[in-house]
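Output the structure for:
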Amino acid sequence: MGRGDLSDAEWERLRPFLPVSNRRCGRWRDHRQVIDGILYRVRTGVQWRDLPERFGPWKTVYERHRLWSADGTWERLLRQIQAEADAAGEIDWGVSVDSSIVRAHQHAAGARTDPPPVPPSKGDAAAEHQDETPVAEPRRPPGGGGAGGEGLGRSRGGFTTKLHLSADGRCRPLSLIVTPGQRADCTQFKPVLEKIRVPRPGPGRPRKRPDSLAADKAYSNGPCREYLRRRGIQHTIPEKADSQTARLRKGSGGGRPPGFDEERYK
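Next up, the predicted model:
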């Protein structure tokens with residue numbers, strides 16, 4: 001077992017939830033070997049073609065990762081592990097929300113495009129294409145979808161992707177949303193919280209509501225606070241200086257300052 005590979009305990013916890021071959025399309029290559037290859041690639045950042053031979057054919061590892069990303073297998077695994085942890089009382093429902101920017105590789109921008117040709121007149125265009133049969137656009141493979149589908153956009157940091165994450169009090173992920181890098185944090189506050197769905201053992205609805213929430217000033221606006229107030233979620237979010245100035249300027253009409261627990265925020 002190499003450094004960073006799944007331990008025996010981790011594998012035994014994950015194994016019962018992995019897909020099983022239906023024996024009609026051949027046998028799966030060993031799931032543990034493939035997942036170790038995916039973890040190695042994520043940890044080191046090497047190209048798929050440069051994966052060590054001990055993980056098997058690189059294309060098998062890549063295709064398994066792409067397929068499971070497209071069909072929701074990774075998210076289902078996370079939900080099942082979360083349900084098991086919550087049943088054992090291992091999830092701390094004092095949730096935190098934040099985001100992080102990831103700089104995309106320069107090649108993610110794609111090939112350089114030539115300027116569009118000058119369109120001909122309507123009569124010339126009709127005569128030129130009257131005998132042509134329309135060709136359907138090729139379907140994109142699962143997991144693709146262009147820059148928008150891949151969460152690529154341009155922000156102050158260049159060509160970037162932004163990860164919006166909610167985590168429990170032990171810093172373990174509860175939900176994740178990927179957007180282009182220019183997307184503001186506060187716009188994804190509600191979606192990332194509503195994506196929290198921890199199934200309960202047996203019948204019953206999944207748990208969605210945190211006990212409390214902590215976030216930084218990027219989420220300090222009226223809609224975010226109103227959303228938390230409506231759901232009855234206690235929160236610790238510092239007030240922006242300009243918001244505080246505007247509130248004080250209004251006097252008694254500005255309302256009370258929002259509650260803020262400095263110790264919990266630390």
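
Tell me which residues are up against stretch 35-49.
Applying CB atoms under 8 Å, 6 or more residues apart in numbering, the contact partners of stretch 35-49 are 2, 4-6, 14, 51-52, 55-56, 58-59, 61-62, 64-65. Where C-beta positions appear, they are placed from N, C-alpha and C, glycine not excepted.

which one of the residues you listed sits closest to residue 258?
residue 14 (41.2 Å; CB to CB).

could you pull out the helices for the stretch 51-200 of the chain?
Assigned by DSSP state H, counting those that start in this stretch, the stretch 51-200 of the chain shows helices spanning 58-70, 73-87, 122-129, 146-149, 189-194.

Could you identify which of the ones you listed is most buried?
Comparing those by mean neighbour count (mean count of other CB atoms under 10 Å), helix 189-194 comes out on top with a mean of 18.

by contact count, what packs against the next helix or strand after that helix?
Beyond helix 189-194 in the direction of the C-terminus, DSSP states H and E gives the next helix or strand as strand 212-214. In terms of contacts (3 or more CB pairs under 8 Å, 6 or more residues apart in numbering; DSSP states H and E), strand 212-214 is packed against strand 94-103, strand 234-236, helix 262-265.

partners of strand 212-214 in the sheet?
According to DSSP bridges, strand 212-214 forms sheet pairs with strand 94-103 (parallel), strand 234-236 (parallel).

neighbouring contacts of the shortest one?
Taking CB under 8 Å, 6+ apart as the criterion, the residues outside strand 234-236 that touch it are 211, 212, 213, 214, 215, 225, 228, 259, 260, 261, 264, 265.

wait, what's in contact with the closest residue to residue 184 other than its chain neighbours?
Counting by CB to CB, 6 or more residues apart in numbering, residue 184 lies nearest to residue 218, which is 7.7 Å off, once chain neighbours are set aside. For residue 218, the residues meeting the contact criterion (CB under 8 Å, 6+ apart) are 99, 184, 185, 186.

repeat that for 10 Å
When contacts are counted by CB atoms under 10 Å, 6 or more residues apart in numbering, residue 218 touches 97, 98, 99, 184, 185, 186, 189, 224, 237, 240.

So it: helix, strand or coil?
Classification of residue 218 by DSSP: H, G, I helix; E, B strand; the rest coil places it in helix.

so how far is residue 171 from it?
Here residue 218 is placed at a distance of 19 Å from residue 171 (CB to CB, to the nearest Å).

which regions of the stretch 101-250 of the chain sit below the pLDDT cut-off?
107-149 (pLDDT under 70).

if we go to 80?
105-150, 157, 202, 242-244, 246-247, 250 (pLDDT under 80).

Out of the contacts of stretch 35-49, the closest to residue 90 would be?
residue 14 (15.4 Å).

Point out the other helices and strands that the helix or strand hosting the closest one packs with.
Assigned by DSSP H and E, residue 14 belongs to helix 8-14. Under the contact definition 3 or more CB pairs under 10 Å, 6 or more residues apart in numbering; DSSP states H and E, helix 8-14 sits against helix 31-44, helix 73-87.

Just the buried residues from the contacts of strand 234-236, in PyMOL please.
Typed into PyMOL, the line below selects the buried ones among the contacts of strand 234-236, using 16 or more other CB atoms under 10 Å:
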select buried, resi 212+213+214+215+228
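
Turn the contacts of strand 234-236 into a markdown table, including distance to residue 75.
Rendered in a markdown table, the data for the contacts of strand 234-236 read as follows (distance: CB to CB, whole Å):
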| residue | distance to residue 75 |
| --- | --- |
| 211 | 23 |
| 212 | 25 |
| 213 | 22 |
| 214 | 24 |
| 215 | 23 |
| 225 | 29 |
| 228 | 25 |
| 259 | 34 |
| 260 | 34 |
| 261 | 32 |
| 264 | 29 |
| 265 | 30 |
